[in-house]
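Asks: I would like the atomic coordinates for the input below:
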Amino acid sequence: MPDAMHPDGAAEDLNHARALPARYYVGADMLAMERRAVFAPSWQPLAHREQLAGPGDHVIGEIAGVPVLLVRGKDGVLRAFPNVCRHRAGPLALCNGQGARSLQCKYHGWTYTLEGQLRSAPEMQDVPGFKVEDIRLPPLLVHEWQGLVFVALSNDAPEFAEVYAGISEHIAPIDLAAMRYLRTVSYDVNCNWKVYVDNYVEGYHLPHVHPGLNKLLDYRAYDTVLAPWYSLQSSPLRNNAGLYGDGGAFYYFIYPNVMLNILPGRLQTNRILPLGPDRCRIVFDYYYAQDAQAQARIAADQDFSDEVQNEDIAICESVQKGLASGFYAPGRLCPRREGGVWHFQQLLRAAYAGPAGESA
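Replies: Sure, this is the predicted structure:
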């Protein structure tokens, strides 16, 4: 990896920390390295178990530029494979579906079992040395948690239980698995994916960017707790009669790009997808508890969420311009409010310095 791509300096304590330099937020080479070093060895939520209830049910997605296929086998086991035929890289599925009996390449018709074993290849029967039993789709790591189904591309991903340790217990009695999926909403943003994450993992900007959200949360009691693979921002709720009810707000950021926004009766999952060095897509999936307040909560929640996201988009796009201006030098972080930024950027520094980053 070129010198300019190496992390700046040794790990610092939060009280003396500075933000990452601007060069980490620009350039195709940086993004290509991050796909290998940051995203490939991470757990990415690609589906909900409701979408994969029966044999042959399947969901397609993408992680770090790799097409991915999730499918439930005839044996009831969830599996994930690259959505890439072993013949000439055609897709095995073009959309989500239910009840498939096999996986057939849409290019030349090579057909695999739901468990990934090649079953037939048209007109290849007499090819010397060709045996269908020798060809299998390479398996990817899969894990189901709280109704969400995660996939990791690399066997170097940390143990899932280590990454999500303690979350279920901390939010109890909220049961995420009991919530039902309602909708997906996406926003395209003209900023590097890390700009959006940096913004999410701190509440320092609440009074200045989010007047409506700041009224809902108690900024004086707003707290950030750090774990090995995630940060949690939390606050008591206030001034929200008819919206969420009593309780608190939990904002989990799980490295490198997954967010769980948990309020009473509502789960919102976010995944930040890089589209280019200075573009990203924010994908929100909404889940709601099935209770007497559900309809009123759902109606009010979308408008409020749109308001907050549009505020975040505006400030993140302005920050990207500032980073690209040539006039930015890394500033000191606020220890009281920006522990999540420091935590995220330290994990990035470690990934950049690892084997996948060094190979750039």
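Asks: Which element, helix or strand, includes residue 260?
Replies: strand 258-263 (DSSP states H and E).
Asks: Direction included, what does the helix or strand that that strand is followed by pair against?
Replies: For strand 258-263, the following helix or strand on the C-terminal side (DSSP H and E) is strand 266-276. If you go by DSSP bridges, strand 266-276 pairs up with strand 258-263 (antiparallel), strand 279-288 (antiparallel).
Asks: quick one: contacts for the nearest residue to residue 120 once chain neighbours are set aside?
Replies: Nearest residue to residue 120, sequence neighbours excluded (Cβ to Cβ, 6 or more residues apart in numbering): residue 111, at 4.8 Å. Every residue, glycine included, has its C-beta placed from N, CA and C. Going by Cβ atoms under 8 Å, 6 or more residues apart in numbering, residue 111 touches 102, 103, 104, 105, 118, 119, 120, 121.
Asks: Swap in 10 Å and give it another go.
Replies: 85, 92, 101-105, 118-122, 132 (Cβ atoms under 10 Å, 6 or more residues apart in numbering).
Asks: pLDDT at it, what is it?
Replies: For residue 111, the model assigns a pLDDT of 98.
Asks: Strand partners (parallel or antiparallel) of the helix or strand harbouring residue 182?
Replies: Here residue 182, judged by DSSP H and E, is contained in strand 180-189. Paired with strand 180-189 in the same sheet, following DSSP bridges, are strand 279-288 (antiparallel).
Asks: Torsion angles phi and psi at the residue with the largest distance to the centre of the chain?
Replies: Most distant from the centre of the chain: residue 126, at 45.3 Å, with distances by Cα atoms, centre = their mean. Residue 126 adopts backbone torsions of phi -100, psi 10, taken as degrees, to the nearest 10.
Asks: which of the strands paired with strand 266-276 is buried the deepest?
Replies: strand 258-263 (a mean of 22; mean count of other Cβ atoms under 10 Å).
Asks: thinking again about what came up before, residue 310: which of the strands paired with strand 266-276 is closest?
Replies: Taking Cβ to Cβ, strand 279-288 is the member of the strands paired with strand 266-276 nearest to residue 310, at 11.4 Å.
Asks: now the angle between strand 266-276 and the next helix-or-strand element following that closest one, please.
Replies: Sequence order places helix 294-323 as the next helix or strand after strand 279-288, per DSSP H and E. Interaxial angle of helix 294-323 relative to strand 266-276 (axes from the mean of the first three to the mean of the last three Cα atoms, to 10 degrees): 30 degrees.
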